[in-house]
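Participant: Compute the structure for the input listed below.
(one chain, ligands or ions: 1)
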Amino acid sequence: FAQKLNADIRLNQVGFYPQAPKLAVVVGDKFTDFVVRDAAGKAVFKGKLSEIRNNQHSGKVSRIADFSSVKKAGKYTLEVPGLGKSAAFDIKPKVHREVAAASLKGFYYQRVSTDLPEKFAGKWARPAGHPDDKVLIHASAVSEGRPENFVISSPKGWYDAGDYNKYIVNSGITMGTLLSLYEDFPLYFENFNTNIPENNNSIPDLLDEVIWNLRWMLTMQDPADGGVYHKLTNPRFDGMLMPDAADKPRYVVQKNTVATLDFVAVMAQAGRILKSFENKLPGLSDSCIVAAVKGWEWAAKHPEVYYDQNEINKKFDPDIVSGAYGDRSVADERIWAAAEMYATTGKMEYLKGIDLKAKQPLALPTWSMVQTLGYYTLIRTSENLKTEAALIDPIKKSVKDYADGLLADLEKQPYHTVMGKDAKDYSWGSSSVAANQGIALLYAFKLTKDKKYLNAALGNLDYLLGRNATTFCFLTGFGSKRVMHPHHRPSVADGIEDPVPGLLSGGPNPGQQDKCKTYTSNFADESFTDDDCSYASNEIAINWNAPMVYLSAAIEAIMEQ
Ligand code: 9MR
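Facilitator: Numbers count the residues shown, from 1 in each chain. Next up, the predicted model:
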């Protein structure tokens with residue numbers, strides 16, 4: 001008697017490593033037993049579900065099925081007699097390699113100003129959009145030599161998200177995350193192919209992808225003074241069109257300190273990493289470092305210029321109503337930029353006079369809060385640079401304390417994940433919160449070698465791939481219950497049923513700022529709708545994809561060691 005698929009059985013829909021923990025969540029309290037069956041239907045493991053766990057968000061209850069002892073590679077289903085069964089999942093080595101490769105390839109699909117030929121893009125091939133070779137200087141961004149409507153060339157880069165604009169602030173955290181992934185696991189990327197045009201240039205594909213955006217970022221610095229424009233944008237968002245159908249004028253807008261210091265951090269880190277590729281990319285590393293120094297000097301002269309879109313629209317035309325990425329505090333960007341400048345040059349002077357805030361609770365990286373990216377870099381480079389203990393020890397401690405805080409009471413959590421313990425985890429782009437918590441846990445693992453941190457990081461990857469209250473696997477192209485309608489212009493406009501693959505959906509957000517009518521729940525952990533109207537729960541964005549690449553690739557790299 002075949003059991004039916006049941007959505008109350010929730011697990012990582014991609015699969016599990018033979019040697020790692022394997023958990024599923026069974027929502028409800030009626031059942032106590034479960035069975036794991038192999039592909040032939042044979043029961044290979046029979047277990048008891050855990051005690052009941054309460055969900056603070058929905059008041060629902062759940063139990064955990066632990067089948068970690070099943071270690072043989074194969075395809076399996078998990079069955080709760082009387083309730084039903086899960087879709088089939090894998091147990092095998094390298095089980096997340098395709099997830100990691102696809103989420104990096106997601107960036108290729110976001111490339112601006114270039115054709116995506118079928119050879120690399122498959123059925124999602126599309127002509128180039130937004131050449132960005134005739135970009136106007138907005139009235140908020142004029143300088144000597146660059147008057148209003150002066151034309152500059154600023155091609156390439158990645159589309160930020162479901163929209164077609166390019167924002168320095170959000171590129172900052174995205175690039176920092178991807179560059180850190182490379183710097184933390186360089187060997188892993190020697191053999192990590194994502195079938196992009198630069199495939200055979202003997203530079204790791206991860207760096208090739210990053211360089212596509214780096215070359216755009218370099219054009220966003222005003223050569224006259226070193227300040228960096230906030231964004232390159234249409235005055236208003238494009239309609240739900242393919243990139244090549246978009247034809248609105250594009251502007252660069254006001255230089256400011258937040259964008260400039262994000263730029264400095266990225267250029268310093270890229271310059272440091274690309275030094276090793278000098279013979280293949282002559283001069284690029286130096287150009288990055290020169291740009292970083294110029295930006296740093298601009299920021300010293302303009303310590304607190306903020307981008308305030310409302311104020312700008314009161315003063316200048318045309319009005320700019322695309323993503324604001326307005327940030328009212330620059331202390332964290334200064335910490336990050338200073339840390340990268342120090343790590344690249346070895347000069348302590350960059351950290352002089354900067355309050356590293358290492359004694360405060362660790363702040364998870366977001367586009368507006370980036371100091372922790374600087375901490376990660378200081379940890380990574382401290383041995384080489386012989387950074388003094390008084391400086392680095394409190395930083396290590398703050399990362400470990402944060403990870404310990406995440407782990408407290410893990411055994412009581414309804415999904416056995418650190419994600420969702422704090423109600424604030426379910427913010428706009430909550431999937432990136434889960435991924436960034438996972439990264440913090442991996443740094444704690446690096447510092448302690450204690451597997452409890454690694455396992456909890458893996459738990460957040462399980463969350464993203466299906467062990468969550470929405471029942472969805474949040475990475476497009478993966479899972480038995482897939483996101484099919486992300487708020488992503490090409491996926492909506494291309495007439496192809498499957499969305500562009502390898503893109504991470506934003507995830508539950510009880511704010512529901514999009515006012516879509518198709519939400520079926522208001523509970524924080526369920527507040528998600530797979531509908532392209534839902535830019536607040538189902539958009540994709542580069543700053544969410546980057547930690548997904550980090551988490552999945554880093555876990556793959558660690559599991560292979
Ligand atoms: O990720 C951003 C989120 O933190 C903000 O709350 C939200 C509203 O301002 O904007 C998000 O960023 C969007 C950006 O402004 C424009 N491109 C799409 C981004 C993801 O939704």
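
Participant: Mind telling me what element the residue lying closest to residue 359 once chain neighbours are set aside is part of?
Facilitator: Once flanking residues are discounted, residue 359 sits nearest to residue 394: 5.9 Å by Cβ to Cβ, 6 or more residues apart in numbering. (Glycine included, C-beta is placed from N, CA and C.) In this assignment (DSSP states H and E), residue 394 forms part of helix 389-407.

Participant: what's that helix packed up against?
Facilitator: With contacts taken as 3 or more Cβ pairs under 8 Å, 6 or more residues apart in numbering; DSSP states H and E, helix 389-407 sits against helix 371-385, helix 430-448, helix 451-464.

Participant: between those, which gets nearest to the ligand?
Facilitator: Closest approach to the ligand among these (Cβ to the nearest ligand atom): helix 430-448, 8.1 Å.

Participant: how distant is that closest one from the center of its chain?
Facilitator: Centroid separation between helix 430-448 and its chain, computed with Cα atoms, centre = their mean, to the nearest Å, is 12 Å.

Participant: cool, stretch 237-255 as well?
Facilitator: Per Cα atoms, centre = their mean, the centroid offset for stretch 237-255 relative to its chain is 23 Å.

Participant: in that stretch, what counts as buried?
Facilitator: 237-238, 242-243, 246, 250-255 (16 or more other Cβ atoms under 10 Å).

Participant: Extract the C-alpha set from that stretch and format it as CSV.
Facilitator: Extracted C-alpha coordinates of stretch 237-255, given in CSV (Å, rounded to 0.1, in the frame of the first residue of the first chain):
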residue,chain,number,x,y,z
PHE,A,237,12.3,50.4,-12.2
ASP,A,238,11.9,48.7,-15.7
GLY,A,239,8.7,46.9,-16.4
MET,A,240,8.6,43.1,-16.3
LEU,A,241,10.6,43.0,-19.6
MET,A,242,13.6,41.0,-20.9
PRO,A,243,16.9,43.0,-20.5
ASP,A,244,17.2,43.7,-24.2
ALA,A,245,13.7,45.3,-24.3
ALA,A,246,14.6,47.8,-21.6
ASP,A,247,15.5,51.2,-23.1
LYS,A,248,15.2,53.8,-20.3
PRO,A,249,18.1,56.3,-19.7
ARG,A,250,20.5,55.3,-17.0
TYR,A,251,22.2,57.5,-14.4
VAL,A,252,24.9,57.4,-11.8
VAL,A,253,23.8,59.3,-8.7
GLN,A,254,25.4,61.0,-5.7
LYS,A,255,28.8,59.9,-4.4
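
Participant: Quick one: name the residues of the stretch 451-561 of the chain near the ligand.
Facilitator: The stretch 451-561 of the chain has residues 535, 539, 541 near the ligand, with proximity defined as Cβ under 6 Å from any ligand atom.

Participant: go with 5 Å
Facilitator: Contact residues, the stretch 451-561 of the chain versus the ligand (Cβ under 5 Å from any ligand atom): 539, 541.

Participant: Can you give me the domain assignment for this protein?
Facilitator: 9-91, 97-471+539-560 (automatic domain parsing).

Participant: Deepest-packed of the ones you listed, please.
Facilitator: Ranked by mean neighbour count, these are led by domain 97-471+539-560 with a mean of 20 (mean count of other Cβ atoms under 10 Å).

Participant: what about that domain, how long is it end to end?
Facilitator: 11 Å (Cα to Cα, to the nearest Å).

Participant: Figure out how far stretch 455-465 is from the centre of its chain.
Facilitator: With Cα atoms, centre = their mean as the basis, stretch 455-465 stands 14 Å off its chain's centre.
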